[in-house]
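[1] quick check, what structure comes out for this input:
(chains A and B)
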2 protein chains.
Amino acid sequence: MIEDNVVFIGNKPVMNYVLAVVTQFNNGSVEVTVKARGKAISRAVDAVEVSRNRFLQEIKIKDIKIGTEKIATDRGDSNVSTIEIVMGK
Amino acid sequence: MIEDNVVFIGNKPVMNYVLAVVTQFNNGSVEVTVKARGKAISRAVDAVEVSRNRFLQEIKIKDIKIGTEKIATDRGDSNVSTIEIVMGK
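    Residues are numbered from 1 along each chain as shown, chains lettered A, B, ... in the order given. Alright, predicted model coming up:
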């Protein structure tokens, strides 16, 4: 889940990802990027908002990017939306 | 659903909102803002990505903001995440 200051959002409860973000900053990271795809995008926004509002008041959102990725499935290629939220001081 | 160049994303199929966005640009809007709360945030990103990739190649994403709103419920106040995506030429 944690890798090079990136937190990938999956299907776990939001607080798991909040903890991952807060831990990265507490370990000295200057920037943390939260990434998600598909339905996890809403949870990514929740994780960033809870991190900022409850635990990291001095941290700002530095950049938000959205995009589309092609994913190979049994029934051919499928498009999935992505989000990347960069948080930093 | 359409009001002052704003498209509010709810629980309908993504293509309904894509149609709303494309219609606004075709009617002469220079900017269209897509707004969503909670679980609809993922659908908002889908609607923007499908609009751009399939129908509005010349339109760019000008700004993305996320935030938190307090909502009064039966069981007291509850926080919900929000997103605003501004699209324009």
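
[2] ok, now how distant is A:Ser29 from A:Glu49?
    Here the criterion is CB to CB, to the nearest Å. By it, A:Ser29 lies 19 Å from A:Glu49. Quick note: C-beta positions are derived from backbone N, CA and C, even for glycine.

[3] more neighbours, those two?
    Neighbours were counted for A:Ser29 and for A:Glu49 using other CB atoms under 10 Å in any protein chain shown; A:Glu49 has more, 22 against 17.

[4] so that one sits in a helix?
    Yes: counting by DSSP: H, G, I helix; E, B strand; the rest coil, A:Glu49 is located in a helix.

[5] is it true that it touches B:Thr68?
    Yes: contact status for A:Glu49 versus B:Thr68: in contact at 4.7 Å, counting by CB atoms under 8 Å.

[6] list the residues that contact both of these two?
    B:79, B:81 (CB atoms under 8 Å, 6 or more residues apart in numbering or on different chains).

[7] what's across from the residue nearest in space to the middle of chain A in the sheet?
    What sits nearest the mean C-alpha location of chain A, by CA atoms, centre = their mean, is A:Val34, with 2.2 Å. Here A:Val34 sits in beta bridges with A:Val7, A:Ile85, as judged by DSSP bridges.
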